[in-house]
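A.B. asks: got a predicted model here, sequence first, then my questions.
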Amino acid sequence: MWEWLLSRLDSVIRRLKAQRSCLNAAAAMISARQGIVLELGLGNGRTFDHLRSRLPDHEIFVFDRQVAAHPDSTPDADHLILGDLKLTLHELQLRFRNSVVLVHSDVGTGDAASNAILAEFVGAALVPMLAPNAVVVSDQAIKILGAAAIELPRDVQLGRYFMVQMRSEDHEGQG
């Protein structure tokens, strides 16, 4: 009997399937709501393209250090925020205050220590921007004050991708 090991190809396929399932679930949760969507990490633009196809009536703002995406998967200049995430997120906290209904964060680096530091920063920086019941989907476990983990889609393995939602009763008085 063959004993198969999970190859790097198998791992990326599982990650991408989990990412798609979580994004689809989150988009369904917020599609009828007004508000802003944030994409933290443009990369090659696949998830931005997926989100805009699922949420055509929502403004999507994308953060990244530099553009490396295909031009068809790159937002217009008004919706692309370039620079260090630690600076750009802070700069836009007032502009997006309590108006973000969905965040997709895909900024993991492959270094567990760096990822933990970045996830802690992102979790704290997002709080003032998140609307009640906002959903955050991430490749990293992000702790957000006033948010609770929500059930992952059935096909997503625990720990492969993460979803949290702001609790409206805990969020009301913040800010």
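C.D. replies: That came through fine. Numbering: from 1, shown residues only.
A.B. asks: next, the most centrally placed residue in the chain: secondary structure please.
C.D. replies: What sits nearest the mean C-alpha location of the chain, by C-alpha atoms, centre = their mean, is residue 104, with 1.2 Å. Here residue 104 takes the strand state, with states given by DSSP: H, G, I helix; E, B strand; the rest coil.
A.B. asks: and it, how far from residue 10?
C.D. replies: Separation of residue 104 from residue 10 (C-beta to C-beta, to the nearest Å): 23 Å. For every residue, glycine as well, the C-beta is placed using N, CA and C.
A.B. asks: could you do residue 19 as well?
C.D. replies: From residue 19 to residue 10 the distance is 15 Å (C-beta to C-beta).
A.B. asks: the more surrounded of those two?
C.D. replies: Between residue 19 and residue 10, counted using other C-beta atoms under 10 Å, residue 19 has the larger neighbour count: 21 against 11.
A.B. asks: is it true that that one touches residue 108?
C.D. replies: No. Residue 19 is beyond contact range of residue 108, at 11.3 Å (criterion: C-beta atoms under 8 Å).
A.B. asks: who touches both of those two?
C.D. replies: Shared contacts of residue 19 and residue 108, defined by C-beta atoms under 8 Å, 6 or more residues apart in numbering, are found at residue 139.
A.B. asks: burial count for residue 100?
C.D. replies: Counted with other C-beta under 10 Å, the neighbours of residue 100 add up to 23.
A.B. asks: for it, which non-adjacent residue is closest in space?
C.D. replies: With C-beta to C-beta, 6 or more residues apart in numbering as the criterion, residue 100 has its nearest non-adjacent residue at 4.5 Å, and that residue is residue 129.
A.B. asks: contacting residues for that neighbour?
C.D. replies: For residue 129, the contact set (C-beta under 8 Å, 6+ apart) comprises 38, 92-93, 96-100.
A.B. asks: so which of those is the most crowded?
C.D. replies: Busiest of those [other C-beta under 10 Å] is residue 38, holding 25 neighbours.
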